[in-house]
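> what's the 3D shape of this:
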Amino acid sequence: MVLTVGVLFLLSAITACQGKNQSQSNSDDQQQEAANTESQLILNNATLEQSNAKGEMLWKIQVDEAAYSPDRKKAQLTAVKGNIFQDGKIVLRIKADQGEVDRDGQEIYLKENIVAVDPRNDAVMQSDEVEWKPQESVLMVRKNLRGSTPQLTASAKEGKYYATKQELEFIGNIIATSKKPRMQLKTEHLLWKISEQRVIGKRLLKIVRFQDKIITDKLVANHAEVHLNTKQVIVKDNIEFKSIKPPVQVATNEFIWKYEARQVTSSKPVKLIHYQQGVIITGNQAEVDMTNSIAYLRGGVQGNSTANAAKLYSNDLTWNVNTQIIEALGNVIYEQTNPDFNLTGEKAVGTIHDNKIVVSGNAQDRVVTEIFTK
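Numbers count the residues shown, from 1 in each chain. Predicted structure coming up:
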């Protein structure tokens, strides 16, 4: 009996202890769950905003959901849409599928289907991943930058948008296309001054101009500045320009290309090459109208033909590229071989590739012909 009572007492004591431990454990779990729930602050259909020390609005966004970290310094966002401000004015309207606010709002990261629009200039930027730094007013585009305005569209591996200057920088595998007429530019680095409608490239550039879907001109250079408002390009350094029709190449170190009118103007030494007829003409200044197939050269002009070694020198020269007719004025010297002779005068008209040149003088001077016998 005593044994039975003792056993029953022992069993009762054990059961009571277990019940107490189980109750304590459940209580601890509930407290931990409550603590976790409290630390994971989640806001639905929320509006988030950030101001600087002066109380000026930096950004204001709406989200479907914002999940904050325990220290409240970081938040994961879904369905982001809002505005970025500078000096109290909206500089970017943004939207993205996903986002993150970090460092107490000092950095904003956006991911997936990102669209940013600057209402000041109607520039649209799209990407797969960007970072906005409010203190620097810079949008860092990490992946697949695509930028566009009514005048130009461009793409690159990455880039930066400087909101204060309204400048969009493209980096890597760049393809930029202007409209009316269509002109495509390829390079590795490009700066687009959007408010000024200027595009500047200081690395090797390749530009192709189209008429409808047909290539009309090709350009290679180390430096180019495209003025979208006036539809012209200032080109420098190791220029190679090729017109398909008329078949003319232009080599110089600097010129202005009015790509809509297809006109090239240079105040530097220029070499023009008719790559079908083998005619080469050089001068210290030149204007070439590709649309009308006329070239004007001034200042120490020299023309020669690779087919027959004929040479022509003059002060100024007009060249009809289609008919190949040359009109040279001032201190004209014409040389040819077979037979060897020189002509000098004040004017020359004809075609140099087949030795059909007429040299004439003025009222005071007579044409001088020198024939060389072997």
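> residues contacting Asp289?
Ala261, Arg262, Gln263, Ala295 (CB atoms under 8 Å, 6 or more residues apart in numbering). The C-beta positions use only the backbone N, C-alpha and C, and glycine is treated the same way.
> any idea how far the second one is from Asn292?
Between Arg262 and Asn292 the distance is 9 Å, computed by CB to CB, to the nearest Å.
> which of these two has more residues huddled nearby?
For Arg262 and Asn292, the more surrounded residue by other CB atoms under 10 Å is Arg262, and the numbers stand at 20 against 14.
> from Pro181, how far off is that one?
Looking at Arg262 against Pro181, where the rule is CB to CB, the gap reads 9 Å.
> likewise Thr291?
With distances taken as CB to CB, Thr291 is found 12 Å from Pro181.
> what about Tyr161, neighbour count?
Counted with other CB under 10 Å, Tyr161 comes out at 27.
> now do Leu110
Leu110 has 26 neighbouring residues, counting by other CB under 10 Å.
> was I right to think it contacts Gly99?
Yes: in terms of CB atoms under 8 Å, Leu110 counts as a neighbour of Gly99; the distance is 4.8 Å.
> list residues touching both of those two?
Val80.
> sorry, back to before: for the contacts of Asp289, which single residue is the most surrounded?
With neighbours defined as other CB under 10 Å, the most crowded of these is Ala295; it has 25 neighbours.
> residues contacting that residue?
Per CB under 8 Å, 6+ apart, neighbours of Ala295: Val248, Leu272, Ile281, Ala286, Glu287, Val288, Asp289, Thr318, Trp319, Val321.
> return the member of the residues you listed nearest to Lys311.
Ile281 (10.7 Å; CB to CB).
> now that closest one, nearest residue through space, not along the chain?
Gly303 (4.3 Å; CB to CB, 6 or more residues apart in numbering).
> same thing with Lys218?
Closest residue to Lys218 in three dimensions, ignoring its sequence neighbours and counting by CB to CB, 6+ apart: Lys242, at 4.6 Å.
> doesn't the one you found lie inside a helix?
No: when classified by DSSP: H, G, I helix; E, B strand; the rest coil, Lys242 is found to be strand rather than part of a helix.
> check contacts around it.
Under the contact definition (CB under 8 Å, 6+ apart), the residues listed for Lys242 are Asp217, Lys218, Leu219, Val248, Gln249, Val250, Tyr275.
> pull out the buried members of these.
Judged by neighbour count, with 16 or more other CB atoms under 10 Å as the criterion, the buried members of the contacts of Lys242 are Asp217, Leu219, Val248, Val250.
> ok, which pair from those residues is furthest apart?
Leu219 and Val248 (12.7 Å).
> and which of the buried ones among the contacts of Lys242 is nearest to Lys206?
Proximity of these to Lys206 was ranked by CB to CB; the top entry is Leu219 with 7.3 Å.
> coming back round to it: how near is the residue nearest to Ile281 to Asn253?
The value you get for Gly303 to Asn253, if CB to CB is used, is 20 Å.
> neighbour count: the two, which is higher?
Set side by side, Gly303 and Asn253 give different neighbour counts by other CB under 10 Å, the larger being at Gly303 (25 against 16).
> for the more buried one, what is the enclosing helix or strand?
The secondary structure element spanning Gly303 is strand 294-305 (assigned by DSSP states H and E).
> buried ones in that strand, by neighbour count?
Within strand 294-305, judged by 16+ other CB under 10 Å, the buried ones are Ile294, Ala295, Tyr296, Leu297, Arg298, Val301, Gln302, Gly303, Asn304, Ser305.
> same check, this time on stretch 65-75
Of the residues in stretch 65-75, those buried under the neighbour-count criterion (16+ other CB under 10 Å) are Ala66, Tyr68, Lys74, Ala75.
> got it, and stretch 175-195?
By 16+ other CB under 10 Å, the buried positions in stretch 175-195 come out as 176-178, 183, 185-187, 189-194.
> and stretch 337-348, by the same measure?
For stretch 337-348, burial by neighbour count (16+ other CB under 10 Å) applies to Leu343, Thr344, Gly345, Glu346, Lys347, Ala348.
> run a quick neighbour tally on the closest residue to Lys111 other than its chain neighbours.
Sequence neighbours aside, Gln98 is the residue nearest to Lys111 in space, at 4.3 Å (criterion: CB to CB, 6+ apart). Residues within reach of Gln98, counting by other CB under 10 Å, total 17.
> about what we covered before: looking at the buried ones among the contacts of Lys242, spot the one nearest Ala154.
Among these, Leu219 lies closest to Ala154 (CB to CB), at 17.1 Å.
> alright, I will stop here.
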